[in-house]
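Chemist: Next input, structure requested:
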Amino acid sequence: MAAESMDAEQKNKNVTHHGHHLEEMEREEEVGGGESDNVGKRIQPWRKQITMRGIITSTIVGSIYSVIAMKLNLTTGITPHFNVSAALLAFVFIETWTKILRKAGIVSVPFTPQENTMILTCAVACYSIAISGGLGSYLLALDKTTYEHAGVDTPGNNPRSYKELTIGWMTGYQFLVCFIGLFVLIPLRKILVIDYKLTYPTGMATAVLINGFHSRGVKEAKKQIRGFMKYFSIGFLWAFFQWFYSGKQKCGFSQFPTFGLQAWKKSFFFDFSLTYVGTGMICSHIVNLSLLFGAVISWGIMYPLFRNLKGKWFPANIDEESMKSLNGYKVFLSISLLLGDGLYNFVKITCITLTSLYGQMKRKNLDQVGVSQNTPALDDQRKDEIFIRESIPMWVGVVGYIALTIFSAIVLPLMFHELKWHYIIICYIFVPSLAFCNAYGTGLTDINMAYNYGKVGLFAIAAMAGKEHGVVAALLACGLVKSVVNVSCVLMQDFKTGHLTLTSPRTMFVSQAIGTVIGCVVAPLSFFLFYKAFDIGDPHGEYKAPFAIIYRNLAIISVEGFSALPKHCLELCYGFFAFAVGLNVMRDVVPERIGKWLPLPMAMALPFLIGANFAIDMNIGTLVVFLWHKSDSRKATLMVLAVASGLICGEGLWILPASLLSLIKITPPICMTFLPA
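Modeler: A predicted model of the protein is given here:
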């Protein structure tokens, strides 16, 4: 869903700023501006591309972004692509390390684009599990707190449909569902990357950055490193300073009534979160503006009107956070926008995929009869040669997939009696075709639709399992499908990066496997760092975990139907669903100069449930980028990503000491709050 893939989550709708990287590619004849230098050099064997310092660095980078991604998942649900940012941070770590060794008189092995790519792949595989492993969504939906927020008297919300969250079974679940995705598309690697020449914009932009680091000289790289370190320090120190004033709930700078107390009550305020400002700098302008538009419609207009209907549309004597009160409208209207947007894009990407596949097959037939003969450039031949030479045998993919399917079908029912073995087999029979469609569509559009394919699994298994076990089985099956589809897509994206940086596919596969192992351990630890230290799921707190309640209600609707909805909610849901579809249709049919300003329904949906404050933070970020480009576009193009990454990582790193202080019962000494005069 939007949470994980704006993926997604983000992720999704071209969330990240690839523009300046892709413009750079167009200005240069080879990727990265210095690829011809790499082509002429002898590439190291794949085993030497995987280094111990690389594994250590990727563990550090992956762990940092796992914590950051987990915070974003549990607060707003928006997680932008961190690929380019992670490549920058990896470069910072290795360059700092080699500089220290040089000063100590120790000669280190040269840092190559292939090692940089290996670190990136391993780190991305690690923190991707924190984003898409369900720890902030479908697995958290199994928690007792989420069950209670969904309404203990809600039809379909079975009292036996929640589980105690423990680090043991959640880690085991990640190991069981994430590894199988590594094997599913191995036989199609050459077809997707070389034969069909899919662009994978995120993977391509990352390759541009890596090749640029290692070929254009160190001057620009040093500027980016200095910018990153400066704003990393600012982010960390600012978070440390804010902590002293946040003694109780709704205290501190995060509750500053920027636009007055009345606006603050409706969640319209700037909460001084540099994490969201940095995220707004990475996300595209239209995403941020869509968030603000959704906040104005929901918290500014609709919810005040709904409150006036208390006693008519919903009982006046129950809490607004009940699913039979105002919160029911918040949740289901958000779900309607997400489903409308998701369904439209699902159909659209499927049509694009099928049309493009038909065109590829037609062109292939023409090539075979001699109608078209295109000789690839020398550099392209070199890249293709390296990519094909160290191939991964097809039997590895087939045997690995079948073996892990059988193992999962045996072990998962022992862990969760609601999830029958034949449900697992059915999921894994159909999921390779879904994984291919998603990987192909992502290569064309840069939109990862794994969250939509996950919902396909959720609805299908809920219908099969029935009311007694349907909620639990549906949520777990959602993870089975989504994990395979997402992991295989991430691997294919990384293969594209490796293809452009002349990195061996075996290096990429092994790095992805290592990163997955690390992520299956780090992601649950990151989750429990928040789960034990903070009140996760509190609708009035910072960590609202919006997608947990969304996924649980999707499962409830799947097994119970629409009887769980409050009064007149179904009619409103139909309207918002149609609005989301219509808005997407307009974006595709009107001229681009108009369509690019139409809001994105997926981004609009999130403030309906969360509030407006984070949307204001992210629009501050987009305003900074806009003004920076107006004043000095060249410097902005070079430095925006470094500054944004520094702000995100700096404030994100403070989460670790803040969580530890909370666990040992050390609270901030001051509560800064605001009262009317």
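Chemist: ok, residue 550 - how many residues close by?
Modeler: 26 (other CB atoms under 10 Å). No exception for glycine: its C-beta is placed from N, CA and C like everyone else's.
Chemist: can you pull the contacts of it?
Modeler: 1, 137, 331, 334, 335, 338, 609 (CB atoms under 8 Å, 6 or more residues apart in numbering).
Chemist: Which of the helices or strands spans the last one?
Modeler: What it means is residue 609. Assigned by DSSP states H and E, residue 609 belongs to helix 601-610.
Chemist: Remind me what that helix packs against, helices and strands.
Modeler: Under the contact criterion of 3 or more CB pairs under 8 Å, 6 or more residues apart in numbering; DSSP states H and E, helix 601-610 touches helix 285-295, helix 326-368, helix 546-560, helix 569-589.
Chemist: Which one of those helices lies nearest to residue 479?
Modeler: helix 546-560 (10.0 Å; CB to CB).
Chemist: right, and residue 163 touches residue 472 too?
Modeler: Yes. Contact criterion CB atoms under 8 Å: residue 163 and residue 472 qualify, at 7.2 Å.
Chemist: Are there residues contacting both of the two? Which ones?
Modeler: Joint contacts of residue 163 and residue 472 (CB under 8 Å, 6+ apart) are residue 142.
Chemist: who's more crowded, the two?
Modeler: Counted by other CB under 10 Å, residue 163 and residue 472 do not tie: residue 472 has more neighbours, with 24 against 18.
Chemist: and residue 676, what does it touch?
Modeler: Residue 676 touches residue 261, counting by CB under 8 Å, 6+ apart.
Chemist: measure it to residue 126 for me?
Modeler: 48 Å (CB to CB, to the nearest Å).
Chemist: Check residue 534 too.
Modeler: According to CB to CB, residue 534 and residue 126 sit 22 Å apart.
Chemist: The two: which is more packed in?
Modeler: Higher neighbour count among residue 534 and residue 126: residue 126, with 30 against 18, using other CB under 10 Å.
Chemist: which SSE is that one in?
Modeler: Using DSSP H and E, residue 126 sits in helix 113-132.
Chemist: Could you point out the helix or strand that follows that helix?
Modeler: helix 144-149.
Chemist: List the buried residues in that following helix.
Modeler: 145, 146, 147, 149 (16 or more other CB atoms under 10 Å).
Chemist: what stretches of the stretch 151-300 of the chain score poorly on pLDDT?
Modeler: 215-218 (pLDDT under 70).
Chemist: can you do 80?
Modeler: Scanning the stretch 151-300 of the chain for pLDDT under 80 picks out 153-154, 156, 187-199, 201-203, 205-206, 208-209, 212-222, 224-225, 248-249.
Chemist: one step back: how about a markdown table for the buried residues of helix 144-149, with pLDDT added?
Modeler: Output for those, formatted as a markdown table (pLDDT from 0 to 100):
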| residue | pLDDT |
| --- | --- |
| 145 | 90 |
| 146 | 91 |
| 147 | 91 |
| 149 | 86 |
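Chemist: out of those, which one sits closest to residue 454?
Modeler: residue 146 (17.2 Å).
Chemist: what's the spacing between the closest one and residue 322?
Modeler: For residue 146, the distance to residue 322 - CB to CB - is 14 Å.
Chemist: Identify all contacting residues around stretch 303-312.
Modeler: 266, 313, 316, 326, 329, 330.
Chemist: Next, the distance between the ends of that stretch.
Modeler: Counting by CA to CA, to the nearest Å, you get 14 Å between the two ends of stretch 303-312.
Chemist: same question for it, mean pLDDT?
Modeler: Mean pLDDT, stretch 303-312: 87.
Chemist: before we move on, what about stretch 605-617?
Modeler: pLDDT averaged over stretch 605-617 gives 87.
Chemist: Span of that stretch from start to end?
Modeler: Its first and final residues considered, stretch 605-617 spans 17 Å by CA to CA.
Chemist: Could you give me the buried positions within that stretch?
Modeler: Across stretch 605-617, burial judged by 16+ other CB under 10 Å covers 605-617.
Chemist: Now do the contacts for the nearest residue in space to residue 474 that is not next to it in sequence.
Modeler: Nearest non-adjacent residue to residue 474, counting by CB to CB, 6 or more residues apart in numbering: residue 462, 3.6 Å away. Applying CB under 8 Å, 6+ apart to residue 462 gives the contacts 470, 471, 473, 474, 477, 555, 558, 559.
Chemist: how about a cut-off of 10 Å?
Modeler: The contact partners of residue 462, taken as CB atoms under 10 Å, 6 or more residues apart in numbering, are 156, 469-475, 477-478, 554-560.
Chemist: Quick check: buried residues in stretch 283-298?
Modeler: Across stretch 283-298, burial judged by 16+ other CB under 10 Å covers 283-298.
Chemist: can I get the CA coordinates of it in PDB?
Modeler: The C-alpha coordinates for stretch 283-298 follow below in PDB (Å, rounded to 0.1, in the frame of the first residue of the first chain):
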ATOM      1  CA  CYS A 283       9.400  13.300  -2.700                       C
ATOM      2  CA  SER A 284       8.100  15.000  -5.800                       C
ATOM      3  CA  HIS A 285       6.200  18.300  -5.500                       C
ATOM      4  CA  ILE A 286       2.900  16.800  -6.600                       C
ATOM      5  CA  VAL A 287       3.000  14.100  -3.900                       C
ATOM      6  CA  ASN A 288       3.500  16.800  -1.200                       C
ATOM      7  CA  LEU A 289       0.800  19.100  -2.700                       C
ATOM      8  CA  SER A 290      -1.600  16.100  -2.900                       C
ATOM      9  CA  LEU A 291      -1.000  15.400   0.800                       C
ATOM     10  CA  LEU A 292      -1.900  19.000   1.700                       C
ATOM     11  CA  PHE A 293      -5.000  18.900  -0.600                       C
ATOM     12  CA  GLY A 294      -6.200  15.700   1.100                       C
ATOM     13  CA  ALA A 295      -5.600  17.300   4.600                       C
ATOM     14  CA  VAL A 296      -7.600  20.400   3.700                       C
ATOM     15  CA  ILE A 297     -10.500  18.300   2.300                       C
ATOM     16  CA  SER A 298     -10.600  15.900   5.300                       C
END
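Chemist: Test my guess that residue 442 contacts residue 493.
Modeler: Yes. Using CB atoms under 10 Å, residue 442 is in contact with residue 493, at 6.8 Å.
Chemist: More neighbours: those two, which one.
Modeler: Neighbour count, other CB under 10 Å: between residue 442 and residue 493, residue 442 has more, with 32 against 26.
Chemist: which stretches of the stretch 401-550 of the chain form helices?
Modeler: Secondary structure of the stretch 401-550 of the chain (DSSP state H, counting those that start in this stretch): helices at 421-445, 450-500, 505-533, 546-560.
Chemist: Throw those helices into CSV and include distance to residue 359 and mean pLDDT, thanks.
Modeler: Compiled in CSV, these are given as follows (distance: least, CB to CB, whole Å; pLDDT from 0 to 100):
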stretch, distance to residue 359, mean pLDDT
helix 421-445, 11, 86
helix 450-500, 20, 88
helix 505-533, 26, 93
helix 546-560, 35, 88
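Chemist: any chance of these in CSV, plus distance to residue 197?
Modeler: Listed next are the helices of the stretch 401-550 of the chain as CSV, based on distance: least, CB to CB, whole Å:
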stretch, distance to residue 197
helix 421-445, 9
helix 450-500, 10
helix 505-533, 16
helix 546-560, 35
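Chemist: Of all those helices, which one is nearest residue 381?
Modeler: helix 450-500 (12.4 Å).
Chemist: Buried residues in stretch 262-273, which are they?
Modeler: Per 16+ other CB under 10 Å, stretch 262-273 contains these buried residues: 263, 264, 266, 267, 268, 269, 270, 271, 272, 273.
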